[in-house]
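[1] model the following, please.
(chains A and B)
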Amino acid sequence: MAAIGYSITFYLLSRLIEGKRKSTDRLVTILVTSAFGLAVVPLVSLAWTVIERGAARFDVEFFTFSMRNVVGAGGGAYHAIVGTLQITGLATLISVPIGIMTAIYLVEYARGPLARAVTFFVDVMTGIPSIVAGLFAYAAFVLVFGPGVRMGIGGAVALSVLMIPVVIRATEEMLKIVPNELREASYALGVPKWLTVTKVVLPTALAGIATGVMIAIARIIGETAPLLIIAGFTASTNFNPFDERMMTLPVFVYTSYSNQGADAQTYIDRAWTGALVLMLIVMLLNLFARLVSKFFSPKG
Amino acid sequence: MSMRIELSSLNVYYGSFLAVEDINMVVEPNSITAFIGPSGCGKSTLIRTLNRMHEVIPGAYVKGTLTMNGEDIYSPSVDPVKVRRQVGMVFQRPNPFPTMTIKENVLSGYRLNNSKLSKSDAEAIAEKALKGANLWNEVKDRLDKPGSSLSGGQQQRLCIARAIAVEPDVILMDEPTSALDPISTAAIEDLAIELKEKFTVVIVTHNMQQASRISDMTAFFTIADTGLPGKLIEYDKTDIIFSNPKQKQTEDYVSGRFG
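    Predicted structure coming up:
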């Protein structure tokens, strides 16, 4: 209220003293700045809360112990961190080649109705609810392994369904902004099209593609619902994504909070620290993406 | 080796649109041939048919015959990629590869085609091409800097070095100086005159002084109206085109009365 009152008074004062043009300028500046402030408030508040509450259990034990045979205090998310890294890594391994190649097809080769159809379905895929992706992966694995199947790789497949359209979109945009003159320069040197794409177009767009992939990873690493269905829940560490249940950080946070034990506070503390670790992983990935785009972007 | 290019009843299409109609001309080896004419008359389109770059645009094709030293470059057995290795091209705007250094840009014709070059060969080719493009003295101390760090005129000469590094027979230049200042333009013009000792040079230009300064032969193209195909009006020695043309249209154009 005070801010609104301040803006109006300031605008009117400025209008009286400085005239219409200056006062409009001030009004718009105030509006834009306060919109920015509003957008930042929840972000800062969220980061602060997670850091404050997550700090309690941000210790060595959290990173080295699983929840096996732990009731009450102690224990850690080692099993969940391993699972998250493995499942996200596998999802990236599946999605990045498919996504980049589809984008190359769309930008460099596709013509006519097929291209439009692919673009349309990519758009549709971007909007798939994550639970549907989880059910899809579960259904597909049930067909092969029978009902009740739980596997880390299933989680990776579900996450790929979510990740592929994001990678395609990001790569497509990056390939489109590679100037056509570079393709022509390469053709004019007698370079075949496939070599032009792999050695001129892709390197020029590499920095942007790397950033896009990182954003896609950040988008899926926090997914809970599909993993709850197909990767399941476990208290022990499982290194094999092709066999049995696999814990992940989002599921760890969810179950710690929803199934609190006798000593509720220790479960809640672990949930906050899990959230903090997840945020840190995403932040590290973003930093890494910055470095990649710095090293690979065209110089000069 | 320099090449003689013969175009006979050549029609160039974009889809169903006839862009250039019925061209008959012979481009002599070791000469500079200039294409002049108003915008949209099809001179850039025509020059792009000489190295089959025209067909990169979807739906574009050519009818008629175009031979280089007697060999039809549009015969079905000819790979357009091979044609482009024999016919180098320099574009209107300098377009060095942004991810490559100056040296890598010069050698890109080899590197992009996965040709293996020994280190000493690569050095020699780069030096020869850069010297051929009158750029060596300006860049010899910074061969490992990005190509885009050069000035516009230097970038254009880098593109010429890149084109001549693969030792083509013909060099096509599509308005190579239209984005450059007068000093860089003079450098490129001098270079074009040197290049004709070894190559057949074809240049598209809007600048009639440029055509009269550097070319041996000049072809004048025009269109009757938008939507109609471009036509070759007159093709002769440059001094005849500029001093004593046979066609009224040519005279009007070169004397600045139209176009």
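
[2] quick check: the gap between A:Pro192 and A:Val201.
    Applying C-beta to C-beta, to the nearest Å, the value for A:Pro192 to A:Val201 is 13 Å. All C-beta spots, glycine's among them, are computed from the backbone N, C-alpha and C.

[3] the two - which one has more neighbours?
    In this comparison of A:Pro192 against A:Val201, neighbours counted by other C-beta atoms under 10 Å in any protein chain shown, the higher total goes to A:Val201 at 21 against 15.

[4] please name the nearest non-neighbouring residue to the more buried one.
    Setting aside the residues directly before and after it, A:Val201 is nearest to A:Val178 in space (C-beta to C-beta, 6 or more residues apart in numbering or on different chains), at 5.1 Å.

[5] correct me if wrong: that neighbour contacts A:Pro203.
    No: at 9.6 Å, A:Val178 does not count as touching A:Pro203 under the criterion of C-beta atoms under 8 Å.

[6] if you count surrounding residues, which of those two has more?
    A:Val178 (21 against 16).

[7] can you confirm the more buried one is in a strand?
    No: the assignment for A:Val178 (DSSP: H, G, I helix; E, B strand; the rest coil) gives coil, which keeps it out of a strand.

[8] local confidence estimate at the residue nearest to A:Val201?
    Here, the pLDDT recorded for A:Val178 equals 93.

[9] phi, psi for it please.
    A:Val178 has phi and psi values of phi -70, psi 120 when expressed as degrees, to the nearest 10.

[10] and for the one 10 residues further on?
    A:Ala188 adopts backbone torsions of phi -70, psi -20, taken as degrees, to the nearest 10.

[11] tell me which residues touch it, please.
    The contact partners of A:Ala188, by C-beta atoms under 8 Å, 6 or more residues apart in numbering or on different chains, come to B:51, B:53, B:84, B:88-89, B:91, B:163.

[12] ditto for A:Arg245
    Taking C-beta under 8 Å, 6+ apart, we find A:Arg245 in contact with A:150, A:231-234, A:238.

[13] could you dump these into CSV and include distance to B:Gly70 and secondary structure?
    Supplementary listing: those in CSV, determined by distance: C-beta to C-beta, whole Å; DSSP: H, G, I helix; E, B strand; the rest coil:
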residue, distance to B:Gly70, secondary structure
A:Arg150, 72, coil
A:Ala231, 69, coil
A:Gly232, 74, coil
A:Phe233, 77, coil
A:Thr234, 77, coil
A:Asn238, 72, coil
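
[14] which two among the residues you listed are spaced furthest apart?
    Farthest pair in the contacts of A:Arg245 (C-beta to C-beta) is A:Phe233 and A:Asn238. Separation: 11.3 Å.

[15] which of those two has more neighbours?
    Legend: neighbour count by other C-beta under 10 Å for A:Phe233 and A:Asn238, higher for A:Asn238 (21 against 18).

[16] find the nearest non-adjacent residue to the more buried one, please.
    Taking C-beta to C-beta, 6+ apart as the measure, A:Asn238 lies nearest to A:Met246, with 5.0 Å between them; neighbours along the chain are not counted.

[17] just for the chain, where's the confidence low?
    Picked chain A for this. Counting by pLDDT under 70, chain A contains low-confidence residues at A:298-300.

[18] other chain: chain B
    B:1, B:257-259.

[19] what's in contact with the helix or strand where A:Ala205 lies?
    According to DSSP states H and E, A:Ala205 maps onto helix A:202-221. The contact list for helix A:202-221, computed with C-beta under 8 Å, 6+ apart, reads A:84, A:88, A:91-92, A:95-96, A:99-100, A:104, A:159, A:162-163, A:166-167, A:169-171, A:173-175, A:177-178, A:182, A:249, A:278, A:281-282, A:285-286, A:288-289, A:292-294, A:296-298, B:97-99.

[20] which among these count as buried?
    Neighbour-count burial (16 or more other C-beta atoms under 10 Å in any protein chain shown) applied to the contacts of helix A:202-221 gives A:84, A:88, A:91-92, A:95-96, A:99-100, A:104, A:159, A:162-163, A:166-167, A:169-171, A:174-175, A:178, A:182, A:249, A:278, A:281-282, A:285, A:289, A:292-293, A:296-298, B:97-99.

[21] ranges for the helices of the stretch 1-150 of chain B?
    Taking DSSP state H, counting those that start in this stretch as the criterion, the stretch 1-150 of chain B carries its helices at B:43-49, B:80-86, B:102-106, B:108-111, B:119-132, B:136-139.

[22] return the most buried member of those helices.
    Burial of these is given as mean neighbour count (mean count of other C-beta atoms under 10 Å in any protein chain shown); helix B:102-106 ranks first at a mean of 26.

[23] tell me how far it is from the chain's mean position?
    If you compare the mean C-alpha spot of helix B:102-106 with that of the full chain, they lie 20 Å apart, counting by C-alpha atoms, centre = their mean, to the nearest Å.

[24] elements contacting it?
    Counting contacts by 3 or more C-beta pairs under 8 Å, 6 or more residues apart in numbering or on different chains; DSSP states H and E, helix B:102-106 packs against helix B:119-132, helix B:152-165.

[25] what comes up buried for the last one?
    The one in question is helix B:152-165. Neighbour-count burial for helix B:152-165, counted by 16+ other C-beta under 10 Å, picks out B:153-165.

[26] if we check chain A, which of the residues you listed are in contact?
    With the criterion set as C-beta under 8 Å from any C-beta of the partner chain, the members of those near chain A are B:159, B:162-163.

[27] what sits against the closest residue to chain B within the stretch 1-150 of chain A?
    Ranked by C-beta to the nearest C-beta, the top residue of the stretch 1-150 of chain A for proximity to chain B is A:Arg111, at 6.4 Å. For A:Arg111, the contacting residues are B:Pro58, by C-beta under 8 Å, 6+ apart.

[28] so how far is B:Ala179 from it?
    The gap separating A:Arg111 from B:Ala179 is 31 Å, by C-beta to C-beta.

[29] how much space separates B:Glu123 from chain A?
    20 Å (C-beta to the nearest C-beta, to the nearest Å).

[30] repeat that for B:Met68.
    Separation of B:Met68 from chain A (C-beta to the nearest C-beta): 14 Å.

[31] and for the closest residue to that residue other than its chain neighbours, the neighbour number?
    What sits nearest to B:Met68 in space, not counting adjacent residues and going by C-beta to C-beta, 6+ apart, is B:Met3, at 4.8 Å. By the other C-beta under 10 Å criterion, the neighbourhood of B:Met3 contains 20 residues.

[32] show me what contacts B:Met3?
    B:Met3 sits in contact with B:29, B:68-69, B:86, B:169-170, B:200, where contact means C-beta under 8 Å, 6+ apart.

[33] can you list the residues of the stretch 51-200 of chain A near chain B?
    Residues of the stretch 51-200 of chain A lying close to chain B by C-beta under 8 Å from any C-beta are A:111, A:179, A:181-192, A:195-196, A:199-200.

[34] what touches both of A:Phe233 and A:Asn238?
    Contact with both A:Phe233 and A:Asn238 is made by residues A:245, A:247, according to C-beta under 8 Å, 6+ apart.

[35] about what we covered before: restricted to buried residues, select the contacts of A:Ala188 in ChimeraX.
    Selecting the buried subset of the contacts of A:Ala188 in ChimeraX, with 16+ other C-beta under 10 Å as the burial test, is done by:
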select /B:51,53,84,88,89,91,163
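
[36] and A:Thr237, helix, strand or coil?
    Under three-state DSSP, A:Thr237 comes out as coil.
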